[in-house]
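Any chance you could fold what I've pasted below:
(2 chains)
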Amino acid sequence: MSERRPATAGSVEGPILSVRHLTTEFVPPKGTQGKAARALEDVSFDVMPSQTVGLVGESGCGKTTTLMSVMRLLPSTGRITSGQVNFKGKDLLAIDEREMRKVRWKEMAIVFQGAMNALNPVMKIGVQISEAIILHDMMDRDAAEKRVDQLLEMVGIPRTRRDQYPHQYSGGMRQRAMIAMALACSPDVLFADEPTTALDVMIQAQVLELLRDIQKALGLAIVLVTHDLGVVAEVCDSVVVMYGGKVAEYGSADQIYNHAQHPYTQRLLASFPDVNSPTTQLASIPGTPPRLTDLPGGCRFHPRCDVKLAKCSEVIPPLISISEDHYAACHLLCQGQEARF
Amino acid sequence: MRRNLLEFWRTFSRNKLGLLGGFLVLTAILAAVFAPALTPHQPTDVMRGANGRGLTFSPPSVHGPLGTDDAGRDIWTELIYGARVSLTVGFTAGFIAMFVGSLFGITAGYFGGWIDNLLMRVTDVLLVIPDLPLMLVLVATLRQMNLHVSPLLIIILVIGLLYWTSTARLIRSQVLTIKERQFVSRARAIGAGHGHIIRKHVLPQIMPLIVANTVLTISTAILVESGLAFLGLGDPTKPSWGTMLNFAFDRNAVTNGAWWFYLPPGLAIVWVSLGCILLGNVLEEMLNPRLTTHHLEGDENMIAIPAPGAK
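Numbers count the residues shown, from 1 in each chain, chains lettered A, B, ... in the order given. Alright, predicted model coming up:
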């Protein structure tokens, strides 16, 4: 893959993708009852070239919505109310749909959650992989075929299975095919939306390894959405911990794992099993994530927090800078200065 | 391409009912195409006996193979020439109906919103008006307007432009489920526009439905044409099977016991309709890739192959 820049070049550049104050709401369709749900509020993070960012949090905390907002693929009820998505010097929220279509896949691609559903069941795998290439007029049909072979080889699928349908593939192969598809137009940023869910542990490891190899070979930036902190520890450079549609903590993998500041991050880490002490009962966080139509005032985590202060239920904690590139939104951290976002 | 056709035929020929349906439809089409070769007479020729008198209401035993009608015309000749009219109307009207129905269904289902609302209300209006009276009125008034078009064309257009409603609803509902599938959002994520998504992702999914429904709509169109012709709205210069039935009842074939006059056209209608329905069901089964089984073939170690001849 000679058309890519070397993986090391990214260190001096600024972020390739920076999300700022992204706020997304889901409004109920006209004529139906119900309140608007604020799925994302004031979400900011950076993605550096050829690095992996993990988006973690419980179900419904806005991980997938963040990806879909950035790609502008929200369902018709979704609305981005404010914020910026700066990608290669342009604000993706400001350009029109026609231009956005050119950005999609060519510059940022996505590996969807659940590969079976994301593949068209009546289309051959090879055709689906070449679809984006032909759509973006990147090359003629013959070259596209060659490219498909090359992509399949890269993800470890024998060329002979190119003309098969998705139902003839195993779960792991489908996920590999999805990854091959995402790489078809050589994007700069790859979004992976829970790429390992519904796969068994062996295949999970294989898929993660594949992602890592591909990143090494192609030098692309990956945004990995997952609720598996083990996965994050294994592959991510930096981590965004989300709760109730807001960023709770944001820092490098080391900062998050070894110096977690936000009570939510601490509880989340404590609720994962430790190989070294297998006999202890797993800790859990009491309560459930907030309903997005009925968010609590102040800090969104305060109803479940065991170290909350009086003002936690009244004042929304700002994202505070703890050390370089490590931020958390909690009133307990009063000494830091507000984040530069 | 050749291999695909061969494979298609192999799957098709395994299905006995499909073969029967195909046989029924094919024989009717062949009879219509080669009508002049299948009979020495013209449909308007009057048969005469040895004494030179016209053979009216002659049973098949007197004049073969199917006897004659009240005017001494050969029923067999009328039947195969009538197939030309019935099948032409059935096929063209069926295709028009499917085209309009698919267009309405896909547009309404895919785009949704006010487009969906508008198109579906139009469909509703057409659905709630009773078909037969509406068609009678339309055909009768259009005929009187001296439009200088063949009465057959009027019938084709009226059937074609009225019988798409159920198809439109069927296809719309299918498109509604398909457009929410994740591979459609993947296609959007790829950067595909509406045209590409409809052509590459929606249409292939509903194609089996469209093809199967076309065949079924053709059979409906043939039945409706027969109904209209039976009620006297057919083209008397180009008698179809319905027109034959109309003549038979007008000329008291029933009271005269001339069963050979009204049974053949009736059975011919059943013949083609049944063929279309059997064919439609089998085609849907075959064209739907999710229902095919031939991918299991050729990989002998994966499935147990039953011994030849075993049921």
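
contacts and neighbour counts: CA atoms only from here.
OK.

Flag the shaky bits of the stretch 201-311 of chain B, pLDDT-wise.
Applying pLDDT under 70 to the stretch 201-311 of chain B flags residues B:288-311.

and the residue sitting nearest the centre point of chain A, bridged to which residues?
The centre of chain A sits closest to A:Val225, judged by C-alpha atoms, centre = their mean, with a distance of 3.5 Å. Applying DSSP bridges to A:Val225 gives these bridge partners: A:Leu55, A:Asp193.

what sits against it?
Under the criterion of C-alpha atoms under 8 Å, 6 or more residues apart in numbering or on different chains, the neighbours of A:Val225 are A:54-56, A:63-64, A:191-195.

Which pLDDT value goes with it?
For A:Val225, the pLDDT comes out at 92.

Now the buried members of the contacts of A:Val225.
By neighbour count, with 16 or more other C-alpha atoms under 10 Å in any protein chain shown, the contacts of A:Val225 hold A:54-56, A:63-64, A:191-195 as buried.

what would those residues look like in a markdown table with pLDDT?
Formatted as a markdown table, the buried ones among the contacts of A:Val225 follow (pLDDT from 0 to 100):
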| residue | pLDDT |
| --- | --- |
| A:Gly54 | 93 |
| A:Leu55 | 93 |
| A:Val56 | 91 |
| A:Lys63 | 89 |
| A:Thr64 | 89 |
| A:Phe191 | 93 |
| A:Ala192 | 91 |
| A:Asp193 | 89 |
| A:Glu194 | 87 |
| A:Pro195 | 85 |
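
I'd guessed B:Leu138 sits against B:Val158; true?
Yes. Using C-alpha atoms under 8 Å, B:Leu138 is in contact with B:Val158, at 7.3 Å.

Which residue of those two possesses the greater neighbour count?
Taking neighbours as other C-alpha atoms under 10 Å in any protein chain shown, B:Leu138 and B:Val158 compare with B:Val158 leading, 20 against 14.

Wait, the more buried one touches B:Ala140, no?
No. Assessed by C-alpha under 8 Å, B:Val158 is found out of contact with B:Ala140, at 10.8 Å.

Those residues of the stretch 1-150 of chain B touching chain A, which are they?
For the stretch 1-150 of chain B, no residue is in contact with chain A (C-alpha under 8 Å from any C-alpha of the partner chain).

Would you map the strands across chain A?
Counting by DSSP state E, residue ranges of the strands within chain A are A:17-26, A:37-47, A:52-56, A:78-87, A:90-91, A:108-111, A:189-193, A:221-226, A:238-243, A:246-252, A:320-323, A:326-328, A:337-338.

Would you quantify the distance from the closest residue to A:Ala253 other than its chain neighbours to chain B?
Counting by C-alpha to C-alpha, 6 or more residues apart in numbering or on different chains, A:Ala253 lies nearest to A:Ser238, which is 4.8 Å off, once chain neighbours are set aside. Per C-alpha to the nearest C-alpha, to the nearest Å, A:Ser238 is found 25 Å from chain B.

is it true that A:Ser238 touches A:Ser252?
Yes. With contact defined as C-alpha under 8 Å, A:Ser238 counts as touching A:Ser252 (3.9 Å).

Counting neighbours, go ahead and name the busier of the two.
Ranked by neighbour count (other C-alpha under 10 Å), A:Ser238 and A:Ser252 place A:Ser238 first, with 27 against 20.

can the buried ones among the contacts of A:Val225 go into CSV with extra columns for distance to A:Gln164?
As requested, the buried ones among the contacts of A:Val225 are exported to CSV (distance: C-alpha to C-alpha, whole Å):
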residue, distance to A:Gln164
A:Gly54, 33
A:Leu55, 34
A:Val56, 35
A:Lys63, 33
A:Thr64, 30
A:Phe191, 26
A:Ala192, 24
A:Asp193, 25
A:Glu194, 25
A:Pro195, 22
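
Return the member of those nearest to A:Leu268.
Comparing the buried ones among the contacts of A:Val225 against A:Leu268 with C-alpha to C-alpha picks out A:Val56 as the nearest, at 9.8 Å.

Make sure B:Gly67 is actually in contact with B:Tyr262.
No. Counting by C-alpha under 8 Å, B:Gly67 stays clear of B:Tyr262, with 11.2 Å between them.

Before I go, just wanted to say thanks for your time.
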